[in-house]
Structure formats: structure tokens, C-alpha cells
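Student: Fold the following.
(one chain, ligands or ions: 1)
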Amino acid sequence: MIGRVKAQTVETGKLLADWIEDRTGAVSMMEKFLYEPVPKRGAWLYTLGSATLFLIVLQFLTGILLLFYYVPTVDHAWNSVYYIMNEAYFGQLIRGIHYWSANFLMAVIGLHMARTFFSGAYKAPRELNWVVGVVLFLLVIVLAFTGYLLRWDQDGFWASVVGIKIGSYSPFIGGYVVNFLIGGDVIGPATLSRFFAIHVWLLPAILAPLIGVHLYLLRRHGEFGSEFEYTERLAKLKERQRLEEYERRYGLGEEEEERRE
Ligand code: HEM
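Tutor: Just a heads-up that it's a prediction; the model follows:
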């Protein structure tokens, strides 16, 4: 009985998928978008980029939910966070996910960066994608930094003071950037407004399309070291070795000698 129900469910699922594919082409499009061959060796390390993507999407979603209650003013910010933690339905859970996935994001993005570096994925033709990645990394750091002040407690406040002080020592632009961030002589209402605008509007608006560019470039060149690339490189290497071996045994052909002269 259970076997028949299971078989029927699978059959219905297949029919539904076929129908959707026939009418929209969505199934093959998803396959094209999601499936990318990766080298067999160390294949799990190639999931770190997707893990980063997952965490950043989680940040966007939980961040939007937090905005339903968070108030970005000096006299309400802390209270609104307190309300989220103690009164709002699932507030503690949503804020916890936002907080922990921000921490994991920093770790996972670092690991993803290390994987691409140590597997040599930054080399041509992927150097632009590496540069886009570095910009993404810097933006994510600023995202984490600006988020810290928003809770408007002693922890966030003094961490921001330290961060801003460090930034002020940057050569040439340090002073201007700090003035722009603080928006006055001391950290106060203007600073909170600015950090809020940067954290909630500016950075996500830059990050989202840049992640799109990152993924587009990835699709354009494929994963570094995928089997296809290895096969091609190995074929070229073998061809070169074969020619060198020929040269060593029989010397250069007449045409080649003339060309080299
Ligand atoms: C918001 C941050 C980021 C997201 C969402 C993201 C996402 C991804 C995804 C999904 C992939 C394909 C899967 C994989 O190889 O793991 C990928 C590949 C890649 N990423 Fe990132 N990434 C981010 C940050 C970075 C950073 C910080 C760097 C380096 C500075 C970087 C450099 C690369 C490179 C070079 C590739 C191509 C890998 C290859 O061809 O083997 N990415 N990224």
C-alpha cells in the first residue's frame, strides 16, 4: 500500500515537473543555472561560494524582518532591539540568525577566498572575478562594521569608536571618510542615521548587483580546474612533450630551423 502511494507520488511529481518544463522551460533553465562541473578532488571546497551566497541571502531576509521593528534613532534604537528580543514574535530567533549568520559569513567568505587563492582560480581568465570578489569582501566587512553600531549599546558604540579611530589614520582620505561617517564632532544621532543608511540601503544596493556580476563571470569561465580545463591543458602539455621528445631524438625539422634562425 505504502509502496503504491510512494510510486504514485513520484509519478505525479514527474508529470508536474514535465508540465512546468514544457510550458516555461524553468526546469532546464534551473539545471543550466545550478549545475557547474567541479574537479573531483576537493569538490566540497567548491561549495564555499554557494555557502557564502546562502548566508548573504539569509542576512538580507532576516535584516528585512528586523526592519519591521527596529527604529534608527538614538532614543529608540536600543529599546527597539530590546522589544525585538523580548516581545516580538520570533524576534529573538530572527535577530539570532542575523547575528550568527553575519559571524559565519565572515568565516565562510574568508575560506572561499582562501580556496580560490590556493586553487589558483584568480589567474587568467578569472582575474576580474577575483577583483570583484575582493570588492565584495571589503563591502561585507563594512556591512558588518556598520551593523554593530545599530544596536546602540555600549558594545556597539565603543567598537565603532575604535573602528572609526583606526580608519582616521588612513593616509590622505582618512579624515574625510571619518568626518563623513560621524556627521559631526562626536558619535551621535547623525552617525546612527548614516550607519543605518549605509547598512540598510547603500551596501545591499551595491552588493546585490555585484554578486550578480560575480556569478555571471563564474558562468562565463566555469570553475577553475574543472575536468574540461584539465583535459585541454593535459592535451596541450602532452603535445608539447611529444614535440620536445621528437626534437631531442631527431633534431629540428628544416622548416623549424629556418624559423628559429
Ligand atoms: C558576497 C560574497 C561572495 C559570494 C556570494 C560569492 C559566490 C561565489 C560562488 C557561488 C562561486 C562558485 C562556487 C565556488 O567556487 O565556491 C564563486 C566563485 C568564485 N569566487 Fe566568489 N563569492 C563571494 C566572494 C568572493 C571573494 C571575497 C573572492 C576573492 C577575493 C571571490 C573569488 C571567487 C573566484 C575567483 C571564483 C571562481 C572560482 C573558480 O573558478 O574556481 N569570491 N563565488
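
Student: Quick check: the gap between residue 50 and residue 76.
Tutor: According to CB to CB, to the nearest Å, residue 50 stands 38 Å off from residue 76. For every residue, glycine as well, the C-beta is placed using N, CA and C.

Student: For residue 226, report the pLDDT, please.
Tutor: pLDDT recorded at residue 226 is 62.

Student: Kindly report the same for residue 252.
Tutor: At residue 252, pLDDT is 65.

Student: how long is stretch 174-191 end to end?
Tutor: With CA to CA, to the nearest Å applied, stretch 174-191 spans 16 Å between its terminal residues.

Student: Next, the buried residues of that stretch.
Tutor: 178, 181-183, 187, 191 (16 or more other CB atoms under 10 Å).

Student: Put together CSV for those, with pLDDT and secondary structure on each row.
Tutor: Formatted as CSV, the buried residues of stretch 174-191 follow (pLDDT from 0 to 100; DSSP: H, G, I helix; E, B strand; the rest coil):
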residue, pLDDT, secondary structure
178, 92, helix
181, 92, helix
182, 94, helix
183, 91, coil
187, 92, coil
191, 96, helix
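
Student: Residue 71: which of those residues is nearest?
Tutor: Each of those was scored against residue 71 by CB to CB, and residue 191 proved nearest at 15.6 Å.

Student: Give me the three-state assignment for residue 88.
Tutor: At residue 88, secondary structure determined by DSSP: H, G, I helix; E, B strand; the rest coil is coil.

Student: Now do the SS call for the closest residue to it other than its chain neighbours.
Tutor: Once flanking residues are discounted, residue 88 sits nearest to residue 69: 5.4 Å by CB to CB, 6 or more residues apart in numbering. Assigned by three-state DSSP, the conformation of residue 69 is coil.

Student: For burial, what's the neighbour tally of residue 69?
Tutor: Applying other CB atoms under 10 Å, we find 15 residues neighbouring residue 69.

Student: Please apply the same query to residue 149.
Tutor: The burial count for residue 149: 25, using other CB under 10 Å.

Student: by contact count, what packs against the helix or strand in which it is found?
Tutor: Secondary structure assignment for residue 149, by DSSP states H and E: helix 127-150. Other helices and strands packing on helix 127-150, by 3 or more CB pairs under 8 Å, 6 or more residues apart in numbering; DSSP states H and E, are helix 91-118, helix 154-168, helix 189-197, helix 203-221.

Student: circling back to that earlier point, ok, the buried residues of stretch 174-191 vs the ligand, which is closest?
Tutor: residue 181 (22.3 Å; CB to the nearest ligand atom).

Student: got any ranges where the protein has weak pLDDT?
Tutor: Within the chain, the stretches with pLDDT under 70 are 226-230, 252-261.

Student: Distance of residue 160 relative to residue 85?
Tutor: To residue 85, residue 160 is 20 Å away according to CB to CB.

Student: More neighbours: the two, which one.
Tutor: A count of neighbours by other CB under 10 Å puts residue 160 above the other of residue 160 and residue 85, at 22 against 14.

Student: For that one, give me its contacts.
Tutor: By CB atoms under 8 Å, 6 or more residues apart in numbering, the contact list for residue 160 reads 145, 148-149, 187, 191, 195.

Student: Mind doing that once more with 7 Å?
Tutor: Counting by CB atoms under 7 Å, 6 or more residues apart in numbering, residue 160 makes contact with 148-149, 187.

Student: before we move on, back to that, can you state the direction angle for the helix holding residue 149 and helix 154-168?
Tutor: Angle of helix 127-150 versus helix 154-168, following axes from the mean of the first three to the mean of the last three CA atoms, to 10 degrees, is 130 degrees.

Student: what's next to helix 127-150, contact-wise?
Tutor: Residues from elsewhere that reach helix 127-150, judged by CB under 7 Å, 6+ apart: 72, 77, 102, 105-106, 109, 113, 116, 122, 156-157, 159-160, 163, 192, 195-196, 198-199, 203, 206-207, 210-211, 213-214, 217-218.
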